[in-house]
Structures are given as structure tokens and as C-alpha cells.
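Enquirer: need coordinates for the following:
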Amino acid sequence: MSSTPNSSLCIDCSACLVLQVILMLTKLFDFNLNSVTESSLWRSTDYGATYQKLNDKVGAKTILSYLYVSPNNKRKIMLLTDPEVESSLLISSDEGATYQKYRLNFYILSLLFHPEQEDWILAYSHDQKLYSSVEFGRRWQLVHERVAPNRFYWSKMGLDKEPGLIHLETSISEGPLYVTCKLQNCTDANKGKPFPGYIDPNSLVVQDEYVFVQVSTAGRPIYYVSAKRDVFTPMKLPKYTLPKDLHVISTDENRVVAAVQEWNQNETYNLYVSDTSGVYYTLALENVVSSMGPEGNVMVDLYEVAGIKGMFLANKKTDNQVKTHITYNRGRDWRLLQAPSKDLRGNSIHCVLPYCSLHLHLHVSANPYTSGNIASRDSAPGIIVASGSIGSELTTSNVSVFITSDAGNTWRQIFDEEYAVLYLDQGGALVAIRHTPLPIRHLWLSFDEGRQWNKYSFTNTPLFVDGVLGEPGEETLIMTIFGHVSHRSEWQLVKIDFRSIFNRRCTEADYQTWHLHNQGEPCLMGVKRIYRKLKPTSRCVMGKTYSVSMTSGPCDCTEADFECDYGYERRTNGKCAPAFWFHPSSMSRSCTTGMTFLNSTGYRKVVSNNCTAGVSVEYTARRQQCPIQAPKGLHLVTSEGTLTATLGTNVTFLVFLEEGDGARTSITLDFGDGHALTYSNVSSIEDGIKHVYKAVGIYRVTATGENSLGSETVMLYLHVTCQLEYIHLSAPFVAVRNKEVNLTAVLWPSQVGTVTYIWWIGNNTEVPLITLEGSVACTFPREGISTVTVQVSAGNTILQDRKNIAVHEYFRSHLLAFSSNLDDHNPDVAEWRLDVSRVIKNSLIQATGVREDQLLVTVLPGLPTAAEFFLLPDKQLTEGKPEKNSLSEVLLSALNQNLVQFTLRPGVQVTVYAAHLSAAPLVDTSENHSGSAMLMLLSVVVVGLAVFVIYKFKRLIAACQMPSPAYPTLLGGASPLTHLGGSRGNSFVRSFFAKRNVSQPSAAINIKPFECRQLTFLKC
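Expert: The predicted structure is shown next:
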């Protein structure tokens, strides 16, 4: 096991504790190639005294990546190969002596063994697929695709209906879902959906008897919990907690401990504890320090002491100082740690509470072969070893190592530098190895709970220590140290066997009784606990057969056994009083007339507290008859927590009742579209009420709860939308200076829901005009080219279109028609229209001699193909006035004589005509016309167009649009406006909608604006 230059050896150690077997996997990592180039598997059957290399049994050229030991049967071993080379696994059923190789058709990223069934395994692949095996990896079956990483869980016996059930979070196009699957038959028909709706990504947590999910609404997260696989209920934190982040810390003993970062916190979290349902939470400790872990995970400075239930250590930030606190009753009471009275050299330490105390680093190492800052063991109750400092706050300088053997009541300093301390022989012996980047050759051993330490040499040559294999040392007196003599040297494994130091096994006389207490108070969590511990003076071997012995006796209940109930806060006098936002008279919505409920006294017994009698009656909630009352506190939400829905999809409505007889309160839900449903009681709709909307619109959804004493109604406004696919800006191609023109954004589909229009008009590019209508009226004060841009925002979609408008003092225009053969070659795309417009313009110039700067031609969208020419004023004339009967008559004469033609392609000759579609085909915008005559002319055009629009409107069917409720006047419509005057935009509007089978826009009454303003429409 030698290393080469520019490479390093990564070592993974796993101990199989049946008999005396240790398996070790070593990997050679080449930093130049950035990959593992070699691996070796080693096996020892004598607690690490000798090792045998097994590469020939797994394949001489096989590169191994991971080693797994079955948690239920340590004789079963699984090895994974490096997926960059091959995707295989090797299985052993004889403690790693022999192996069978199995090919895989997927790459395994992680494995999850069943907690009870030794052959059941879940495998997560690199492409987010989850596989299962019931033959310890010999055969695999696909369970589900698109599974979130680390969001899959095995079922728990006694809680789930089937032992082979899998809880997982998966994603579909609409969002993540929480589903349950059968191990070998995960079909759509067999899937369960315990939570009725979508959840936030990577939010599913299944832990013990609780399931947690998160759903964000309007940017605010709502956390749901299910206890014992019951229905999901929103977690009830104090009303104004307003959490930004939440982490479940522990769920043992039928209680949830959660770390919550509130709206006004950035680096700290508050600890909350729940009742047995996991629903109602009260504050346990504020401002607990947090940090980021190596993988970006949040690490909260909270440590649960092993061996003593209800005991925690936490680092709290107060006035920018971090101080360590301890609790013995699951967070009901906290206090500072009393510093040692003497230092390592016997000198007195003057440290007076609360100004000075002991502070500990509470980080636990993620690497099982390196020590963290703190350690405790179930087999050694009361013994805690941790690094820390003494003073007014926790520091990272002058760190020493401290130990307590009486569960935190008194502490002793054992080293003035950082050391890794390991437990041997069930805690009967402690081994300390110095934390240093320098090579070492000594370790220290204590047999009396750290009071005396003896120095031992474990190697003749100083060794850079990389890690310690403590197992099986926690049950024996054997440990293995691995490291290297130099950075380029061979790796060294040193087995240390302390058994020769002891000459006998422990007898009953070597043990003593120890009473757990908190500063002299023996009643903790409602009982007095007495442990059997090894005497500090006894030097004997306890061995594997030793087990912790404890006896307990009940205590009378006192006020200290009760914490504040939900909605209550502890005041400075120690009493629990209602918070300002809480109404003590409120009851559970499940309270039914004729039944009983628990009326809170403001207190609740700490979960797992076993006190009896005493003040129990005074502080325990009293069972009372449910009063008859009218419904109160009715809530109506969608299962996704949003106020939008997509047309044609299921919308699930959830109805909750805070107060009232839920079993005798009927619920009527009016969906706002002419449909309503009535249910006899609240409990019958716990899974939600589903409805599908068939038209776009804003619907007022109302829920009414009613019983014999009264009723209550709640409502929400639901926006039903469909996807906006296309927009077109309808605008004149030419406009008269200071004359009003109409701009219209045409949508497809025509009705998509609530829409916002953003306009940039002319040179005003800084501040846009924002409207709820699809049309605006504008004037352009300067001649030249003006650009109009419109953006349409509908839901999460924003589309844009832009047009250039030529602005002149006056102009004349006329519609053009074409021979029918042009329609056969019209693809109706913008680029084609531009090219053909240029060809028509050139043909007109050639036929009439009109100068190029006096003529504009544009082909209109849609079929049949139509165009419009615009005759502009002659800038060379000094008068600046048009010649009324000159150029226009020349153009029309050429058109009427079929003199204007062009070749579209070989064999396709197109003739251009003057169209005769209106009473006044030629529009003159000069000021010489009579105002009354012009008004009469426009009136004839408006009436003709309106009749045509109404006729077409009756014949066409709207896409993505069925009869829908009318929008409020404020919202307006997306109706495009018919262009009146300067250009004939109505031809475009008619052909655009006809081509796409979209409803015609309604006619409009044009009201003359001042500069730019929004138009109001009256629908026909």
C-alpha cells in the first residue's frame, strides 16, 4: 500500500463485528488524472493484527468505490465498483471471505438498507431513478423515475399498512409530489398520494412516526405534518413566527424538536418542541447558533447527550456572545454550565455565573474515523467529553478538553490542547490522541473517568495520524490507528490491544450506584433515575456482555414538569399566560356536540415526563363537554396554496373550520361558474373538493358553513388562465402628424386571463405606459419613423411585438387587390410580405414614374392577399400641399388598366388592381376636406365595418375560450381596435382572426384623446 508522487491514498474502513473480522478498502487517487486509479480490499480475522489482500477474489483490475455492511446481518457485505470503469457490485455472505460479481445497467449513487429486512435495499441512480432489490442486490427492479435525491424512505412496521411500502418525493411537469409505492409493484394504480397537492422541492421528510412536507404560498412556506400516517395538518407555530427555514432535529419519544429560522433571524435558529401530534409547538430556546456544513447543509449547535433521555446541550447567542446551555427536561428549563473550580495544574479558576461559565464546541464529526468536538455514549451514561473554553463566551482560541462524569453538574479540565478522546470497553477506559498536524508516537489512557491519565507509546517512529478505527474498541480494548510516516511514505496500520494491561474481569463489587440529578434535584422528567456504574478505582474488563443497568422511581408532579401549552408564553414570574394573538376560548374544529374536548389550563406535561399526582390535576387540561356554537374561523384555500389555476385541470379546494361542531356543520362550496356542492359535515371533505373550470376568467369561490346556530362564509377569487401563445401589434403603417392613431395588441388565444400591457411609444423609451386594456390611442408630434413596442404579461409569460410607423404631414392611401394566383403562393409570414411589398412598389414606380420617396406599399397579413399603398407629399414642392388630381389619378389609372404586374416566380404572373371595398376607396388626409363630409364618410365606414364584424363574430369559434364570466370593467379586455381614418387596419384584424379561427373583436366607439391615452370599449 504505497503512494506515488502527485497522488494520495483515500482510505475507507468498515468493521464487521461478527467474530473478529475487519474489512478495509483503500483507494489510490491520482491528482493529475483527478480519479481513482487503483483500489485494494484487505481483510483481517484477528482484530487487525494481520491483513490479507483480496484483490484476486474481487478481480485484479477491478476498481472499488464503496464498501457496505448490512446493518441487520454483518456477515453480508456489498462492494460497489467505480462507475467510471464499470457498473457492478460484489456480494459476500461469509464476512467478506468470498464474493460474487453482478453486472448493473445503472450507476448507483447511494443505497438505503431496510431497517429490519436484511435483503431489502433501495438504490438511487445518477439519473434520478430509484431501484429496489429483495435479494441483497442480486436482482434489481425499477421502482420510480424522477425521484428527488435523498427523499426516499422505507416504511415503518406498525405505522404503514404494508412492510414493503416506500415513501418518496417525485416530480412531474406541474411540480413535486409525495407518493407511496409498493416495493415490487409501483404502478399508477397502486400508488398512494397521502398529501393532496404539490409540495416544495426537496421538502419530504419521513422520520419515525411523522411525515413532513412544505408548501409555499405567495413566497411564504407552510409546513404540514402527519402523525402516525394520519391526515396532514399545518404545523402550528406561534402566530407571528413567520419562518424562513425549518429543520426537524429529532422525533424520538413521540415529540418533534424543530429548529426554526424566523423572519428577523439570519445566523441563528429558535428551538421549538411539539406535543405528541407534532402539530402544536412552543418555544424551547431562542437564538441557537448555526453554521454551514461541508455539503452546504445547515448545522445547528444542538447536541443530544447519549445515555440520558431528555438531556441536551445548545449554544445560544446573546448580545453577540455565544454561551453553552444545558437542559435535563427536553428544553423546559435551560442553564449555563458551571466552570471547573481548578485548572489542569490545580490552580483555582475564578469564574462566577452568569458572567463567566464553561462553553463547549458541539460539532460532531461526519467522518467516523476522526473525532468531533464532543462525545458521549449510551454505554457510559453521565460521561461527556468535549473541547471548549472558560469565560464570558465561546472562543476558538485557548481551547481545552473537559470531561464530566456526573452528567454536566461538575466538569474537569483534562487537557489544555485539543485531543481526540475515544471510549473503550463500554466506557470503562478512555483513550486520548492529540489533535496536531505533527507526527506523534504517544497516546494517553485513563481507567477512572479521566481523573488520571497514563502515557503509552504506540509506535517507535512518529506517525502522522489520519484516523482511528474505534470499533470494535467500544465493546473491547482493541483499536487501530492508521496514518503515514511521511507524505510520500507507505501507509501504516497500528493495532493497539490493551487487554494485557488488565488481569481480571469486573465483578459486582467493582460497581457502584450513581443518582442522576440536576444541581441536587433528583427528580428529572418525573422520575428518579439510579444507574449502575464502574467504580473509578476499579481496574477490570467489563467486556461485551456488560449492559447499562438503571432503576427508576416516580416523583410527584410539580410545576417544573409542565411546559407552556400552544398559544401561551412564560412570563418573567415563571407563569404561562396567553400570548396577545391567542384566544384561549378557541377549540379544536373536531369538537362535536355531545362529545368532549380538552380545555387547556395554559400548561401541558413535557412529553415522556412520568411524574404522577402532585399538581397534576391543577395543570393538566380538563375534559369538558363540547358546547353548541355557530361555525367560526372558516378557511378556504386551494391545495397548492395559489390563487391561479390552468383551464381544464383539476383544482382542489380545502375547507377548514377552527370552531364549531364540525360533524353537524354543513359546507356549501360555490365554484363561481354556476356549479355548487353541499356536504353534510366538515369531516367528509378532509381530502379536498375537486373541480374543473371550462372557461377562462376570475371566479369568486365561496364556502359557507352552517348549523342550527348560525353560519359563516369565506371567499377567494380564483384566476383561471390558459397559456398565451402569440401576440401581434396592430398599428397603422403610416400616420398623420398630430392626428390620432389606434394601437392594438391582438392576443391568441383571445382570452387568457388577467393581462397587463406595457407600451413604449415613439421616442418615449424611458417610462412605459402600462394598461389593462389591449388598445391605446396616440398622436405623433414629429414627422419621421416612430417605433412602437408592446409587451403582454400573462401569468409567467411575457411576449413582445414591435412596429415602425411612418409619420407625415398628410398622405393618400388606397387598398390593393391581386389576381387569385398570388394566394396559392402566400405563406403568410412577415418576411414574405416585406419582400412582396418591395416588388409591388417597384412595379408601381415602373408603371407610373412616381418617385420612390413618395410611395410606401405594405402587404397585409392574412388571406385573401391584400395590400395598401400610401402616397406621400412631395417634399420638393415649396407649398407643401398635395396635388389632388395628379399622382393619385395616375396610380389609379395604371391599376385600373392592369398596367401594374410582377413575376413572382417563373410562370406566375401577378396583376395588381385597385380594390373597391368601401364607399370612399381613396383617403385624403389633407385639411381641405369639409369636416361634415369627412364625418359622414367615416360614419359610413364605421357602420359597414361594424355590421361585417358582428356577422363574422357569430360565425367564428374562439380557440381556448368557452362562455366565461364577464371581466370587471377595471380589468378590461384584449379586444383589438378597428383602425379608423389614416389606414385600413380593419382588413388586417378581420383576416388575422379568420385565419386563426379566433373570435372577432367587438366594434368600438372612438373617443378623441389628448396625446396618448387608454381607450374604453363598448362590446356589441
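
Enquirer: how about the nearest residue to His487 once chain neighbours are set aside, secondary structure?
Expert: Leaving aside its chain neighbours, His487 sits nearest to Phe464 (7.8 Å; criterion: CB to CB, 6 or more residues apart in numbering). Heads up, the C-betas are built off the backbone N, CA and C, glycines and all. Of the three states, Phe464 takes strand under DSSP: H, G, I helix; E, B strand; the rest coil.

Enquirer: now stretch 716-735: buried residues?
Expert: 716, 718, 720-722, 724, 727-735 (16 or more other CB atoms under 10 Å).

Enquirer: give me the number of residues near the residue nearest to His487?
Expert: 16 (other CB atoms under 10 Å).

Enquirer: ranges for the strands of the stretch 551-700 of the chain?
Expert: Along the stretch 551-700 of the chain, the stretches classed as strands by DSSP state E, counting those that start in this stretch are 562-564, 568-570, 576-578, 596-599, 603-605, 622-625, 632-638, 644-646, 650-659, 666-670, 676-679, 689-692, 697-707.

Enquirer: looking at the ones you listed, which is buried most?
Expert: strand 562-564 (a mean of 23; mean count of other CB atoms under 10 Å).

Enquirer: partner strands of it, with direction?
Expert: strand 603-605 (antiparallel) (DSSP bridges).

Enquirer: for the buried residues of stretch 716-735, which two are the farthest from each other?
Expert: Comparing all pairs in the buried residues of stretch 716-735 by CB to CB, the longest separation belongs to Leu716 and Val734, at 48.8 Å.

Enquirer: picking up where we left off before, wait, isn't the residue nearest to His487 in contact with Gly483?
Expert: Yes: with contact defined as CB atoms under 8 Å, Phe464 reaches Gly483; the gap is 4.9 Å.

Enquirer: circling back: mind checking pLDDT for the residue nearest to His487?
Expert: As predicted, Phe464 sits at a pLDDT of 89.

Enquirer: low pLDDT regions in the stretch 851-1000 of the chain?
Expert: Along the stretch 851-1000 of the chain, segments meeting pLDDT under 70 span 875-885, 917-1000.

Enquirer: contacting residues around the nearest residue to Leu242 once chain neighbours are set aside?
Expert: Counting by CB to CB, 6+ apart, the nearest residue to Leu242 once its immediate chain neighbours are dropped is Trp263, at 4.1 Å. Listed by CB atoms under 8 Å, 6 or more residues apart in numbering, the contact set of Trp263 reads 241-244.

Enquirer: now the buried members of those residues.
Expert: For the contacts of Trp263, buried by 16+ other CB under 10 Å: 241, 243.

Enquirer: strands - which of the contacts of Trp263 land there?
Expert: 243-244 (DSSP state E).

Enquirer: columns pLDDT on top of the contacts of Trp263, output as CSV?
Expert: Shown next, in CSV, are these (pLDDT from 0 to 100):
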residue, pLDDT
Thr241, 91
Leu242, 89
Pro243, 92
Lys244, 90
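
Enquirer: excluding chain neighbours, what is closest to Arg700?
Expert: Gly672 (4.7 Å).

Enquirer: gap between the one you found and Phe562?
Expert: 48 Å (CB to CB, to the nearest Å).

Enquirer: ok, now Gln141?
Expert: From Gln141 to Phe562 the distance is 51 Å (CB to CB).

Enquirer: buried stuff in stretch 30-46?
Expert: So for stretch 30-46, counting by 16+ other CB under 10 Å, buried means 36, 38-45.

Enquirer: before we move on, what about stretch 137-150?
Expert: 137, 140, 143-144, 147-148.

Enquirer: find me the pLDDT at Phe113, would you?
Expert: Confidence score, pLDDT, at Phe113: 94.

Enquirer: meant to ask about Gly219
Expert: At Gly219, the pLDDT recorded in the model is 77.

Enquirer: what's the burial count for it?
Expert: So Gly219, with other CB under 10 Å, has 5 neighbours.

Enquirer: what does Ser405 give?
Expert: Counted with other CB under 10 Å, Ser405 comes out at 23.

Enquirer: from memory it sits against Val385, does it?
Expert: No: applying CB under 8 Å, one finds Ser405 not in contact with Val385, separated by 9.9 Å.

Enquirer: list residues touching both of those two?
Expert: Gly450.

Enquirer: who does Tyr531 bridge with?
Expert: Trp514, Met550.
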